[in-house]
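Q: 3D model of this:
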Amino acid sequence: MEKQVSKEIYDFLRYSDEERWNSYWHQITEIIKLSPESILEVGVGDGITGDYFKNKLGISYTGVDVAEDLCPDIVANIEKLPFADKTYDIACAFEVLEHLPFEKFRKSLMEMRRVSMRYVIISLPHWGRQFSVSLRMPYFKQARWQKKFAWFAPKHIFCGQHYWEIGKKEYSLPLIIDEIKSAGFKIEKDFLAFNSPYHHFFVLKKI
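A: Alright, predicted model coming up:
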């Protein structure tokens, strides 16, 4: 896996918009729910998630990235992580795996599986026509509904960053699920972030 983006892309005002902050919330929440003592994050991005765990919660955190200028704890490739088996309670990669050719997807998942004790959490871009409804009323819990449709799905064209996206031609959600299961996981949970529906989250348990 080669470096694809420069550090400048993570400029706060351009990169960390409202939808991305919602995605951060889901990243952090899903990890906290599993009560880990150690976390490996592959792909550090702008460092928001890692900073929260290290400086706010005091959880042992290691960030890995191929881009040295992003100042990860370790510069390494997801295809060959420099850690022993079962080193971390959780391994995670958010909006990272689509930066690899699809034929490397399963292998990368298996490598994350190898270094984690029990869980792997990932998010992937999910293309589609999004329909959502939110209803808020006094004294009632907010009601939400959303659905994504792959109508007239285009063929994915490599843009310099993403090799593939869920929902595009040849990359259906059932195919992604099959690849995840073939890598040795049970899908404990998967969902589209309501306020950031381009991001599809998967909480995976080793089997």
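Q: residues of the longest helix seen in the chain that come out buried?
A: For the chain, the helix with the greatest residue count under DSSP state H is helix 18-33. Neighbour counts over helix 18-33 (16 or more other C-beta atoms under 10 Å) mark 20, 22-24, 26-28, 30-31 as buried. C-betas here are computed from N, CA, C, even on glycine.
Q: Mind picking the one among these that's closest to residue 130?
A: Nearest to residue 130 among these: residue 22, at 13.8 Å, using C-beta to C-beta.
Q: Just checking, which helix or strand of this protein averages the lowest pLDDT?
A: In the chain, no helix or strand scores lower on mean pLDDT, DSSP states H and E than helix 12-15, which sits at a mean of 52.
Q: What pairs with the helix or strand following the longest helix of the chain, parallel or antiparallel?
A: For helix 18-33, the following helix or strand on the C-terminal side (DSSP states H and E) is strand 38-42. If you go by DSSP bridges, strand 38-42 pairs up with strand 60-65 (parallel), strand 88-94 (parallel).
Q: Now mean pLDDT too, for those, in CSV please.
A: Below are the strands paired with strand 38-42 laid out as CSV (pLDDT from 0 to 100):
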stretch, mean pLDDT
strand 60-65, 97
strand 88-94, 98
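Q: Would you mind finding the most buried of those?
A: strand 88-94 (a mean of 24; mean count of other C-beta atoms under 10 Å).
Q: Can you pull out the residues in contact with the helix or strand just after that one?
A: Next in sequence after strand 88-94, counting helices and strands by DSSP H and E, comes helix 105-115. Helix 105-115 is contacted from outside by 40, 42, 78-81, 83-88, 91, 93, 97, 100, 120, 122, 179-180, 182-185, 204, 206, using C-beta atoms under 8 Å, 6 or more residues apart in numbering.
Q: Determine how far helix 105-115 lies from the middle of the whole chain.
A: 13 Å (C-alpha atoms, centre = their mean, to the nearest Å).
Q: Now it: average pLDDT?
A: Across helix 105-115, the average pLDDT comes to 99.
Q: mind starting the numbering at 21 from now?
A: Sure, I'll start counting at 21 from here, so that last one is helix 125-135.
Q: Could you point out which residue ranges in this protein have low pLDDT?
A: For the chain, the stretches with pLDDT under 70 are 21-37.
Q: Let me know how buried the closest residue to residue 183 other than its chain neighbours is, in neighbour terms.
A: Closest residue in space to residue 183, ignoring its immediate chain neighbours: residue 121 at 5.0 Å, by C-beta to C-beta, 6 or more residues apart in numbering. Residues contacting residue 121 under the criterion other C-beta atoms under 10 Å number 11.
Q: Surely residue 121 touches residue 178?
A: No. In this structure, residue 121 is not within contact of residue 178 by C-beta atoms under 8 Å, at 9.1 Å.
Q: Let me know how buried residue 150 is, in neighbour terms.
A: Neighbourhood size, residue 150 [other C-beta under 10 Å]: 13.
Q: again with residue 211
A: Counted by other C-beta under 10 Å, the residues lying close to residue 211 total 15.
Q: Same check on residue 145?
A: Here the number of neighbours of residue 145 (other C-beta under 10 Å) works out to 18.
Q: now residue 146
A: A total of 22 residues lie near residue 146 under the criterion other C-beta under 10 Å.
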